[in-house]
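S.K.: Let me see the structure of the following:
(2 chains)
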Amino acid sequence: MIYLLLATVLAAALWIRKRPHLVLPWQRVAKGSVGMVSLLLLSLFVLVGLLDTMHYRAALSEKSNGQTVYSAEVLSVFDALAKGIKSRSEKTYSAPLAAYLYAKESMETSEGKILRDYPRLRYGGAHLADPQRELLGDVLKRTGIGALEGLLIGVLLIAVSNMLFHFFVKFRTVWSSAGREISKDNWISTFTRAMKNKPFKALLITTLLIAMLLGITVNLAAVYHVLGTDKVGQDVLYLALKSIRTGLVIGTVTTLVMLPFALLLGIAAGYLRGWVDDVIQYLYTVLSSIPSVLLIAAAVLMMQVYIEMHPDWFETSAARADLRLLFLCLILGVTSWTGLCRLLRGETLKLRELEYIQAAQAFGVSSSRILTRHIVPNVMHIVLIAVVMDFSSLVLAEAVLSYVGVGVDPSTMSFGTLINSARLEMGREPMVWWTLAAAFGFMLVLVLAANLFADAVRDAFDPRLNRT
Amino acid sequence: MKSDSSLNQLRPLTSTPPEIGRREFILNVDSLVTRLNNGARIVDDISFSLKQGETFALLGESGCGKSMTALALMRLLPDGIRVASGDIKLGEEDILALPEYAMRKVRGGQMAMIFQEPGLSLNPVMTVGDQIAEVLTLHQQLRGKEVRPRCVELLEQVGISDALRRASEYPFQLSGGMKQRVMIAMAMAGQPKLLIADEPTTALDVTIQAQVLKLLRDTQQKTGMALLLITHDLGVVAQMAHQVGVMYAGQIIEQAPREQLFARPAHPYTQKLFAALPDAGRSGQPLAAIPGNVPPLGAPLAACRFAPRCDKAWALCHEQVPEWTQLENGQGVRCHLYTSQMGSEKLNLKTSLSPAPSNVSGEGAGEEGRDTFLQVENLQVHFLIRKGILQRTVGYVKAVDGVSMNIPEGRTLALVGESGCGKTTVGKALLQLITPTAGSVRFAGHELIGITARQLRKHRAGMQMIFQDPYASLNPKMRVAEILQEGMDALSIAKNSDERQRRIDELLEQVGLEKASKWRYPHEFSGGQRQRIAIARVLAVNPNLLICDEPTSALDVSVQAQILNLLKSLQQQLRLSYLFISHNLAVVEYLAHEVYVMYLGRIVERGTVAEVLHTPKHPYTQALLSAVPRIDGQGMKTIRLPGETPSPSRPPQGCHFHTRCAHVMAKCREVYPGETIISATHRVHCYLAAE
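M.R.: Residues are numbered from 1 along each chain as shown, chains lettered A, B, ... in the order given. So this is what the prediction gives:
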């Protein structure tokens, strides 16, 4: 289903490309540095999410009766890439970049005495002989190397993409206009020309920074737990990265479920008035007066019982978890459209009195056409803002539901489950802060990037802001 | 001292005061420049001064920087605009040098301001009395028990009856005119030396406008304050001002005492402005429209700003900014015509203001024998008032109460009345945008009321509407071509898309727009151009009758003339009929053949333009006509209408107008007067005429 979504987006992009007046606003987006930087970040998140979506089951080495046997565990491409940090789990909590466990344990020393101390980690900093002294130096060294490597890779990446772009442009000019003079500049001048525009520069700097950060992370993650480990010793970085997919799915799918309800019912109520308005108003007033957690809990529990009664439907636990996630999105969507619907109804009430709507009515334009041609484009800015706002609140709602125990499948990693577990950890003495910090950091970047990008898009599409 | 203001207005105002002592300058503005942060000049080098008891009018079209000047005086410029240079002196104080806390004392205390939209400048959740009390405690140091009586006194001064009760009412309980009175009372509460009135009557009806203007004049006489009046309305200027500064694109281009300016405008722009005013004398010929539009704020400064639109411009005008020139009679002007040799030669060449009459003059003949296109009988539109949980109907608002009219082919019928009298509702009911309650609308022989939507669609093309606000009547998310195409699509006018595109090009040419503009969005056009697009949109479906709902009231005078000319020439080319809904009697006089005067949902008088506007029989028509400020400053004796239009949900018993009528008789209060036939075309509903 996620592939379907991706295909739709691609098809829409192709469709838009053919229509110059629709390309124009996107070009404006491309001209803003904030929009482009947030798009870059967003696409990184989406990339991680997509990698995590490509599931496969590893073939086991032993064959039974000549048939390949697949393991019960479903892995994603992302799991394969992050195999290192996935498999290296400790006993329990450990701080970021630590070489020792976060809890004291009784250990038997070589002399046979029982000592109560922080034991060494099984993987984190295991290569160090004396972590007390060497840890800082090693971390710094690896950071430096990582940064350098990242920088190199970043530069290489930029150079390669620049070359590609250069040849692409050249190819196109040769192709499209044989008669015109072929630009003689080499790829360096293409680069210097590109450097002159601001968003490209910003993009460049961000790319380099991200590349450096990635380089550092990869280098450190090879031997340390960059963001520490959780209660059962899983690497928090891995968990956080896995959570991205859940967050994205909940954010987008729920919005997609909610939108048609909110948009259709909202503008229908506002434009048609009369009994349609009454019915829709009663519907959303009733819906929003039921405590939504209760409603969702009831629905989720029903669904859970249903799933458990038909265990044979699901080949793997991952498929079950995914279905549960999907249902959660559906339920969240069905219950959360009321706010946007009310907003849209109000805006439509205002719009329908405007004279261009009346002019259309005077032409005898049909209601459905007025709704799609006149009203929908003019409420789009509200939709866009509300959707982005909802995106973050939905990710949070998922956390609340996980807390009540009706959220995602316990085996699914999500920001909600991370935050939920952090609730207990914050109360511990000494405090375990890194789970929450990791979830917080990732969510912040994700939501902020989405917000800024939506802002840039909205500004680009608002004809009033773009006087030529 | 205060009483001889009439004497003063004759005296020219020059940069050096010719008289000493007699009257002090209250406000001195010297080469004021305000800029946007990007350097564009919004107000460019403005100087003027104001004496006690004097009224200085800043006259100009929208976007020329009048309001910005006022805000600069109050130091209330919006973010991003700042005063770049210049001096503002209020009495002895340098306004620009004052710290913000001292400025707060000046605002309201020494300078007060009233705004265009009285509905938006009062706080809706505070009673009127409290809002005035706020000013009193701030600037008059009144406390406790002293405040209330003073509030009431102020309200009485601005002519609000039953002031004690009104003081404890909220703004929504007051009508527009009353709100503006309250605003004036608030402004007067601080006893300011200078009152800045930014388009104080633009949002009001003519009869209310006349009341408010009189109030401003009276208050000025009593208190001797100076008044800075900002307006675009030449008529208001003619009534109020002693000195006039004409602004164009951020500069004062001409400054003179009122009489001189109206008798002998010096700057070509001012001359054109007068020529562009529609009135009956010009009804045979096109108006002298100024081509083009007001330049956007912050346009380049290299030349005279009016040069691109000026028919007297020559090379110098496009190269050099004209200097401020003081003429012998005290008139100041910013134009090359008065600075150079070449200019004075050109000036001596007598140029006729009104363009040569075109083929229009053949009109007027052959009035007989036209087919009646639209026949309206006893049209009624009643809105239900519902109350309670069960939505029971508790009453009706009789927005339109029995209107009948006939519009023949190629003629213009004007529907005149104040806001709220139901004239727009008539227009919409004719188009079936609002379902009429009763009556009959026959269009080209077909009854339109009571038929199904499908049947109605067949007749849609014949009748179309042009709306008042060109900014709200075009969908901002659609391009011009899409807007024009919509009607053709809906009514399947042209067969294929090629034909449609051709038709769109044709239409754009017809309304005077470039073909290239069809791929642009409406916001890229100015108000006048947008109205042209709106006209092209309705022309796309080949209508026979256009309902024009105040099509020029949102436009500047110079642009209004362009649109009126366009409407007139389209009428001749396409033999269109117009139902012209307007409150602007000058426009009506210029454009219409027949006039219907409407009051509270009913036609009170109808007839040809000459009959209704020159020999009005109904007291309401007479009052309406006399309330219109005329630029010649005279005209009929002013009949002031007391009070405001009653609510159409509870119209007065008997003649609707009797509550405001000066000639009211006993029977007026009882029975609505029937129709009195004055001539073949002139009918009136009034007992006076019947006698």
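
S.K.: where does the residue nearest to B:Ala241 when sequence neighbours are not counted fall, helix, sheet strand or coil?
M.R.: Nearest residue to B:Ala241, sequence neighbours excluded (CB to CB, 6 or more residues apart in numbering or on different chains): B:Ala57, at 3.6 Å. For glycine as for every other residue, the C-beta is placed from the backbone atoms N, C-alpha and C. At B:Ala57 the chain is in strand, as set by DSSP: H, G, I helix; E, B strand; the rest coil.

S.K.: Settle this for me: B:Ala57 is touching B:Gly235, isn't it.
M.R.: No: with contact defined as CB atoms under 8 Å, B:Ala57 does not reach B:Gly235; the gap is 11.4 Å.

S.K.: Settle it for me: which of those two has more neighbours?
M.R.: Ranked by neighbour count (other CB atoms under 10 Å in any protein chain shown), B:Ala57 and B:Gly235 place B:Ala57 first, with 27 against 20.

S.K.: Looking at that one now. What's its pLDDT?
M.R.: You'll see B:Ala57 listed with a pLDDT of 93.

S.K.: Show me the strands in chain A, by range?
M.R.: A:55-59, A:70-76, A:105-108, A:114-117 (DSSP state E).

S.K.: Output the contacting helices and strands for the third one.
M.R.: Think strand A:105-108. strand A:114-117 (3 or more CB pairs under 8 Å, 6 or more residues apart in numbering or on different chains; DSSP states H and E).

S.K.: show me what contacts residue 378?
M.R.: This is for chain A. A:347, A:351, B:475-477 (CB atoms under 8 Å, 6 or more residues apart in numbering or on different chains).

S.K.: think we crossed wires, I meant chain B
M.R.: Taking CB under 8 Å, 6+ apart, one finds B:402-404, B:438-440 in contact with B:Asn378.

S.K.: Now with 10 Å, please.
M.R.: B:401-404, B:436, B:438-440 (CB atoms under 10 Å, 6 or more residues apart in numbering or on different chains).

S.K.: wait, the residue nearest to B:Ala241 sits on B:Ala226?
M.R.: No: between B:Ala57 and B:Ala226 there is no contact under CB atoms under 10 Å: 11.9 Å.

S.K.: Overlap in contacts, these two.
M.R.: B:His242.

S.K.: which residues in the stretch 201-350 of chain A form helices?
M.R.: Applying DSSP state H, counting those that start in this stretch to the stretch 201-350 of chain A gives helices spanning A:236-260, A:266-272, A:274-289, A:292-309, A:317-335, A:338-352.

S.K.: how about chain A, which residue sits the furthest from its center?
M.R.: When distances are taken from the C-alpha mean of chain A, A:Glu111 lies farthest, 52.2 Å away, according to CA atoms, centre = their mean.

S.K.: can you tell me how far it sits from chain B?
M.R.: 76 Å (CB to the nearest CB, to the nearest Å).

S.K.: and that residue, what pLDDT?
M.R.: 76.

S.K.: check contacts around it.
M.R.: Per CB under 10 Å, 6+ apart, neighbours of A:Glu111: none.

S.K.: can you tell me the helix or strand for B:Thr137?
M.R.: Element membership for B:Thr137, per DSSP states H and E: helix B:128-139.

S.K.: CA atoms of that helix as PDB?
M.R.: Only the C-alpha atoms of helix B:128-139 are listed here, as PDB (Å, rounded to 0.1, in the frame of the first residue of the first chain):
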ATOM      1  CA  VAL B 128     -19.700  53.100  23.900                       C
ATOM      2  CA  GLY B 129     -19.500  55.100  27.100                       C
ATOM      3  CA  ASP B 130     -16.600  53.100  28.400                       C
ATOM      4  CA  GLN B 131     -14.700  53.700  25.300                       C
ATOM      5  CA  ILE B 132     -15.100  57.400  25.500                       C
ATOM      6  CA  ALA B 133     -14.400  57.300  29.200                       C
ATOM      7  CA  GLU B 134     -11.100  55.700  28.400                       C
ATOM      8  CA  VAL B 135     -10.000  58.700  26.400                       C
ATOM      9  CA  LEU B 136     -11.300  61.100  29.100                       C
ATOM     10  CA  THR B 137      -9.400  59.500  32.000                       C
ATOM     11  CA  LEU B 138      -6.200  59.300  29.800                       C
ATOM     12  CA  HIS B 139      -6.200  62.800  28.400                       C
END
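
S.K.: buried ones in it?
M.R.: Of the residues in helix B:128-139, B:128-129, B:131-136, B:138-139 count as buried by neighbour count, 16 or more other CB atoms under 10 Å in any protein chain shown.

S.K.: now do stretch B:660-670
M.R.: B:660-661, B:664, B:668.

S.K.: would you list those residues in CSV and tack on distance to B:Ser492, pLDDT and secondary structure?
M.R.: Output for the buried residues of stretch B:660-670, formatted as CSV (distance: CB to CB, whole Å; pLDDT from 0 to 100; DSSP: H, G, I helix; E, B strand; the rest coil):
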residue, distance to B:Ser492, pLDDT, secondary structure
B:Arg660, 50, 85, coil
B:Cys661, 52, 85, coil
B:Val664, 56, 84, coil
B:Cys668, 53, 86, helix
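
S.K.: follow-up on the earlier one: neighbour-wise, which one of the contacts of A:Asn378 leads?
M.R.: Top of these by neighbour number is B:Asn475, holding 24 neighbours under the definition other CB under 10 Å.

S.K.: can you confirm that residue is in a helix?
M.R.: No: using three-state DSSP, the secondary structure at B:Asn475 is coil, not a helix.
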